[in-house]
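Engineer: Got a predicted structure here, sequence first:
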Amino acid sequence: MKHITTIGSSALLGSMGLVVMSSITGCSQQQEEQQQNRFLVIEQQPNGKYVVVEEMPTEGPSRAIIREHDENGRIVERFMNEDEMRALAQQEYQKVQNGQSELNQEPSSSPGMGLAGTILAVAAGSLLGNMIGNALMGNKNFQRHSNSVNKSAYHKSAAGKRSASKSSSKKSFFGSSKKSSSSTRSSFFGG
């Protein structure tokens, strides 16, 4: 019986190690995604708000193309470099801290936000650093805004990968949920 207990303890420790490693891997992937510089295409909507229509990770500095409507209704594009994006994100972050930002409120039914809020919602970690990005991600309204202003295929793909990794980390090594594996273990050991 001692031999079986040792095997059971080893299996339990091995399973716990896998759970811890998958949690660490998920966190590092999320941090890497927040840190990674981005190339964005941000488009003004008919309501005057902005949404991200394209997003790509980039090796170079973060930058954006802003598509807006001029006074004649034509779409014009302008380039925004990383310093300009960082300045807008920093201003919006101060508004968040003071409770005066759209990011503090529930998202409205119409798509988009102001330009600074959109930039902060999409690229907070890469522009202002992980600590600020992580702090903002803890805010449910911020998360909702971040998802509502980002219409890019890249964001949808990355969000799908995150939810898949979260759901897989809730499973044990053998594919069953924690609850059923513990009941199997206790019946195996007679407890």
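Structural biologist: Arrived safely. Not measured: the values here are computed from a predicted model.
Engineer: So, low pLDDT: which residues of the protein?
Structural biologist: 1-35, 155-191 (pLDDT under 70).
Engineer: If we use 50, what do you get?
Structural biologist: Residues of the chain meeting the criterion pLDDT under 50: 12, 25-34, 164-173, 176-188, 191.
Engineer: now the strands for the chain?
Structural biologist: 38-44, 50-57, 63-69, 75-80 (DSSP state E).
Engineer: hmm, who's touching stretch 141-149?
Structural biologist: 50-52, 96, 102-107, 111-113, 117-118, 121-122, 136-137, 155, 159 (C-beta atoms under 8 Å, 6 or more residues apart in numbering). From N, CA and C alone the C-beta is placed, and that goes for glycine too.
Engineer: my bad, should have said stretch 95-112
Structural biologist: Under C-beta under 8 Å, 6+ apart, the answer for stretch 95-112 is 45, 47, 49-51, 92, 113-114, 117-118, 120-121, 136, 139, 141-142, 144-145, 148-149, 151.
Engineer: Which of these fall in helices?
Structural biologist: Among those, DSSP state H puts 92, 117-118, 120-121, 136, 141-142, 144-145, 148-149 in helices.
Engineer: and the strands of the chain as TSV, adding mean neighbour count?
Structural biologist: Output for these, formatted as TSV (neighbours: other C-beta atoms under 10 Å):
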stretch	mean neighbour count
strand 38-44	21
strand 50-57	18
strand 63-69	17
strand 75-80	11
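Engineer: With respect to Ser126, which of those strands lies nearest?
Structural biologist: strand 38-44 (5.8 Å; C-beta to C-beta).
Engineer: partner strands of that closest one, parallel or antiparallel?
Structural biologist: strand 50-57 (antiparallel), strand 63-69 (parallel) (DSSP bridges).
Engineer: mind checking which of those strands is nearest Asn130?
Structural biologist: Using C-beta to C-beta, the nearest of the strands paired with strand 38-44 to Asn130 is strand 50-57, at 15.8 Å.
Engineer: before we move on, the earlier item: just the buried ones from the contacts of stretch 95-112?
Structural biologist: 49-51, 92, 113-114, 117-118, 120-121, 136, 141-142, 145, 148-149, 151 (16 or more other C-beta atoms under 10 Å).
Engineer: Tell me if I'm right that Thr118 and Val53 touch.
Structural biologist: No: counting by C-beta atoms under 8 Å, Thr118 sits too far from Val53 to count as a contact (10.9 Å).
Engineer: and for these two, which residues touch both?
Structural biologist: Ile42.
Engineer: which parts of stretch 113-132 are buried?
Structural biologist: 113-128, 130, 132.
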